[in-house]
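Asker: here is a sequence with its predicted model. Questions after.
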Amino acid sequence: MIEYLKKVKELLQFFKESEFVHISRGLNKKTDALRKLAPMAFDHLAKDVKVETIKQPSIMDVAVANIEAPGENWMAPILRYLQEGIVPEDRQEARRLQIRALQYEVIEGTL
């Protein structure tokens, strides 16, 4: 748990504000049931019950680089359409762009 706490504190630096709310076990029954299952051995279960045991933590220190290629990329037409309403001259391409753009939102100039 210490590693998870470190990761949370590291990620909190990227937020302007945050809020943590304690949820009692009584209100979080599914999670509490999983917590009780964790230390159990599952050898006695029937073969049709699938249980996955995770052998390594779900957090790893992975380096991620933000890469922007020079010139236009796949996001440029979507961004142009959402910000300025500009669509390609080809009707089919324009329609595809309009449909595809429904999946995105521009927040502070970023797609």
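Answerer: Yep, it's here.

Asker: outside of the helix or strand bottoming out on mean pLDDT in the chain, which residues touch it?
Answerer: None of the helices or strands of the chain scores lower by mean pLDDT, DSSP states H and E than helix 29-37, at a mean of 77. The contact list for helix 29-37, computed with CB atoms under 8 Å, 6 or more residues apart in numbering, reads R25. Placement of C-beta: from N, CA and C, glycine included.

Asker: distance from it to the middle of the chain?
Answerer: The chain centre lies 23 Å from the centre of helix 29-37; the measure is CA atoms, centre = their mean, to the nearest Å.

Asker: what's the neighbour count on Q98?
Answerer: The number of residues packed near Q98 is 13, by other CB atoms under 10 Å.

Asker: oh, that last question was meant for P77, not what I typed.
Answerer: P77 is flanked by 19 other residues according to other CB under 10 Å.

Asker: can you count the residues close to Y81?
Answerer: 19.

Asker: which parts of the strand or helix carrying it are buried?
Answerer: Assigned by DSSP states H and E, Y81 belongs to helix 75-84. For helix 75-84, a neighbour-count test (16 or more other CB atoms under 10 Å) marks 77-82 as buried.

Asker: what helices and strands are in contact with that helix?
Answerer: Using 3 or more CB pairs under 8 Å, 6 or more residues apart in numbering; DSSP states H and E, the elements in contact with helix 75-84 are helix 91-101.

Asker: just the buried positions in the helix it packs on, please.
Answerer: The neighbour-count check on helix 91-101 (16+ other CB under 10 Å) flags 97, 101 as buried.

Asker: residues in contact with it?
Answerer: With contacts defined as CB under 8 Å, 6+ apart, helix 91-101 is touched by 77-78, 81-82, 87-88.

Asker: and the residues you listed, which two are furthest apart?
Answerer: The distance between the two most remote of these (CB to CB) is 14.2 Å, for L82 and P88.

Asker: quick one: which of the buried residues of helix 75-84 is nearest G109?
Answerer: Closest to G109, out of all of the buried residues of helix 75-84 and judged by CB to CB, is L79, at 8.5 Å.
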